[in-house]
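Q: Okay, sequence plus prediction incoming.
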Amino acid sequence: MLDWSGDNSEQKSVVMIRDGLVAVVKRDCPTCVLVAPVLADLADRTDLVVLSQDDPDFPEGVDGVVDDTDLDFSWHHDLDTVPTVLRFEAGEETGRTVGWDREQWEAFTGVTELGTDLPPWRPGCGSLSVDPNLTDELAVRFGGSVLRSRRIELAALEDEIEALFERGWTDGLPVVPPTEARVLRMLEGTTRAPDEIVAVVPPDLVECTVEKVAVNAVMAGCRPEYLPVVLAAVEAACTDEFNMHGLLATTYFSGPLIVVNGPLARRLGMNSGGNALGQGNRANLTIGRALQLVIRNVGGGRPGGVDRATLGHPGKLSFCFAEDEEGSPWEALSVHRGLEPGVDAVTLFAGEGVRGIVDQLSREADSLARSMAACLRTTAHPKLVLGFDAVLVVSPEHARVFREAGWTRQRLIDELTALLTIDGQELVRGAGGIAEGLPDAFAAMTLPKFRAGGLLVVHAGGGAGLFSAIIGGWVSGQGGSEPVTKEIRP
Amino acid sequence: MSVVLDPTAEASPAERTLLGRPASIEGLTVGLLDISKPRGDVFLDQMEAHLRDRGATVERFAKPTFTKPAPADLRYEIAQRCHVVIEALAD
């Protein structure tokens, strides 16, 4: 028989087993209802004990039905079907039969003439312990938590959403409360251990675990399958080259822009098409937001604190999109930057807001490149060169012009570099009646607008519109930020 | 009550701490909130007299009903007008 102690505090089943038969059923299962008379019969003729998952008054006609509505027994014995009949010998399970099958039940119990008026066979139903709506809560209750984060109890009268605002954990928009069940579900999106250190996050230089990233990804609204992208973005942002600390602390506009490449972007349903840089796509919006929440909450980087931006830009809430690789005339950005084709990757760039390039008339690559160069020259300031990188987002209708001309991505970059090699006399202080500019010593030189590798070209956007976009950078190179491309690991 | 996981580096206390107590209430404005239970005003009248003797200015407030938390506007008004609030419950 069973001894039901009812103490759930232990991380093991509280049902103490003695030798014998155990049947687990639920009322909400037609097969269980069908075999209820058989169970009553068996309980009379053997030592069978019945556990009910949903109603301890079921099955009628069986005395002493054990209440398993907390699913303790069912969860700890990995039930996936009801009815299940198990046999225990010396406290160990020695066999089980699932569903209703008269021959099997008779062989299993050693009792003949069972349910002779019933059909010989009926499949069982799903055990409540594997109900998708309950599994996360059961894992929290019985699984022995692997999570290390401090638990914060919110008072009964506190609205959860308001409480998270008041604790300073949000970016100004509501966040999803990071309950243990949600964080466990999020962690299923990665094979990495919750306690693995992902990065040392500025500005407070805090070692950030996979778990802490998952907590913030929950808050940002991510689905578990986005987590590997967020982890890669956090890794990339926290490299010395990317210099997240400086990017955060600067008075300049910029924040981290994430460009995603590889087949994963399509599987996640990321937007690389119409409105790719805008609102409306959960993966785009929440992945970028999760990175910013990690910087804010784990790293301690907040506007008015270490973040000293004069104006900032709306993309500092989230700035993330996928490259349209299928429609692109060129190899993926990640491939251009040295990774193998088909490898999932993020490229981080210290980006300011988006500015448009309009050219609805150029049908020749040379003309269109000149338009783009003229607009790119204004990055930061038309008279400032070499200090700022830029991302050029080429839309499909503009890309078609380059495709038809046979221009590779490198050819476009080279042509733009040539067009943006500028006479120093135009750039020096006072030239054009503008005080801003380079020291007079540069007057006799010609200088490129962008340093080598400082112009990134990405293909994205909707099928209609002869518009491309520039995303200007922050201080480039070792004194500022280098773009960083990282493989996304599962 | 719900439980969430701390998303931060956990460098600051989980519980928000109370402000330090003033060394003296002389010259301060003390708010007394009547939760609107019967005869609570009798007790608070005595409190007010004692506080005035100690040099405090006293402001009286009352909740519309003891069955519900104080309305946000009332809490805001108390926070704006008082240096010190005595929070207590008796029955």
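A: Arrived safely, thanks for sending.
Q: which helices and strands sit right next to the helix or strand hosting A:Trp75?
A: Counting by DSSP states H and E, the element that carries A:Trp75 is helix A:72-76. Secondary-structure packing of helix A:72-76 (3 or more Cβ pairs under 8 Å, 6 or more residues apart in numbering or on different chains; DSSP states H and E): strand A:15-17, helix A:135-142. In this view, the C-beta of every residue, glycine as well, is placed from N, C-alpha and C.
Q: now for these, which one comes closest to chain B?
A: Closest to chain B of these is helix A:135-142 (Cβ to the nearest Cβ; 9.8 Å).
Q: For stretch A:59-72, give me every contacting residue.
A: A:2, A:4, A:8, A:13-15, A:24-25, A:27, A:32-33, A:36-37, A:39-40, A:43, A:49-58, A:73-74, A:128-129, A:134, A:138, A:141-142 (Cβ atoms under 8 Å, 6 or more residues apart in numbering or on different chains).
Q: any idea of the mean pLDDT in it?
A: Stretch A:59-72 shows an average pLDDT of 91 in the prediction.
Q: That one: which residues count as buried?
A: Buried residues in stretch A:59-72, counting neighbours by 16 or more other Cβ atoms under 10 Å in any protein chain shown, are found at A:Pro59, A:Val62, A:Val65, A:Val66, A:Asp67, A:Asp68, A:Asp70, A:Leu71, A:Asp72.
Q: Flag whichever of the helices and strands packed on helix A:72-76 has the least confidence on average.
A: When these are compared by mean pLDDT, strand A:15-17 comes last with a mean of 59.
Q: Heading C-terminal from it, find the next helix or strand.
A: strand A:20-25.
Q: Counting by contacts, list what that following strand packs against.
A: Counting contacts by 3+ Cβ pairs under 8 Å, 6+ apart, strand A:20-25 is packed against helix A:30-45, strand A:49-52, strand A:84-89.
Q: okay, these in TSV with distance to B:Leu19 next?
A: Shown next, in TSV, are these (distance: least, Cβ to Cβ, whole Å):
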stretch	distance to B:Leu19
helix A:30-45	60
strand A:49-52	54
strand A:84-89	59
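Q: which of those is buried the deepest?
A: strand A:49-52 (a mean of 25; mean count of other Cβ atoms under 10 Å in any protein chain shown).
Q: so what's A:Ile152 up against?
A: A:Ile152 touches A:Arg167, B:Val3, B:Val4, B:Leu5, B:Asp6, B:Ala14, counting by Cβ under 8 Å, 6+ apart.
Q: Same question for A:Thr97.
A: A:Thr84, A:Val85, A:Gln104, A:Trp105, A:Phe108.
Q: Equivalent analysis for A:Leu466, please.
A: A:Leu466 makes contact with A:Val358, A:Asp359, A:Gln360, A:Ser395, A:Glu397, A:His398 under the criterion Cβ under 8 Å, 6+ apart.
Q: Could you rerun that using 7 Å?
A: Going by Cβ atoms under 7 Å, 6 or more residues apart in numbering or on different chains, A:Leu466 touches A:Asp359, A:Gln360, A:Glu397, A:His398.
Q: The second one - nearest residue in space that isn't next to it in sequence?
A: Closest residue in space to A:Gln360, ignoring its immediate chain neighbours: A:Leu466 at 4.3 Å, by Cβ to Cβ, 6 or more residues apart in numbering or on different chains.
Q: follow-up on the earlier one: and the helices and strands packed on helix A:72-76 as CSV, adding distance to chain B and mean neighbour count?
A: What follows is the helices and strands packed on helix A:72-76, written out as CSV (distance: least, Cβ to the nearest Cβ, whole Å; neighbours: other Cβ atoms under 10 Å in any protein chain shown):
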stretch, distance to chain B, mean neighbour count
strand A:15-17, 27, 17
helix A:135-142, 10, 18
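Q: Export these to CSV and append columns for distance to A:Glu436.
A: Below are those laid out as CSV (distance: least, Cβ to Cβ, whole Å):
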stretch, distance to A:Glu436
strand A:15-17, 78
helix A:135-142, 57
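Q: quick revisit: list only buried entries from the contacts of A:Leu466.
A: Applying 16+ other Cβ under 10 Å to the contacts of A:Leu466 flags A:Asp359, A:Glu397, A:His398 as buried.
Q: Against A:Ser129, how distant is the residue nearest to B:Thr8 when sequence neighbours are not counted?
A: In this structure, B:Thr8 finds its nearest non-sequential neighbour in A:Asn297, 4.7 Å apart by Cβ to Cβ, 6+ apart. Taking Cβ to Cβ, to the nearest Å as the measure, A:Asn297 and A:Ser129 are separated by 34 Å.
Q: Who has more neighbours out of these two?
A: A side-by-side neighbour count of A:Asn297 and A:Ser129, using other Cβ atoms under 10 Å in any protein chain shown, places A:Asn297 first with 28 against 24.
Q: Next to chain B, which bits of the stretch 201-350 of chain A? Give me the list.
A: With Cβ under 7 Å from any Cβ of the partner chain as the criterion, the stretch 201-350 of chain A comes near chain B at residues A:Asp204, A:Val206, A:Lys212, A:Val215, A:Asn216, A:Met219, A:Leu293, A:Asn297, A:Val298, A:Gly300.
Q: if we go to 8 Å?
A: A:Asp204, A:Val206, A:Glu211, A:Lys212, A:Val215, A:Asn216, A:Met219, A:Leu293, A:Asn297, A:Val298, A:Gly299, A:Gly300 (Cβ under 8 Å from any Cβ of the partner chain).
Q: Can you check the pLDDT for A:Lys12?
A: pLDDT, read off for A:Lys12, is 41.
Q: Likewise for B:Lys63?
A: Per-residue confidence (pLDDT) for B:Lys63: 87.
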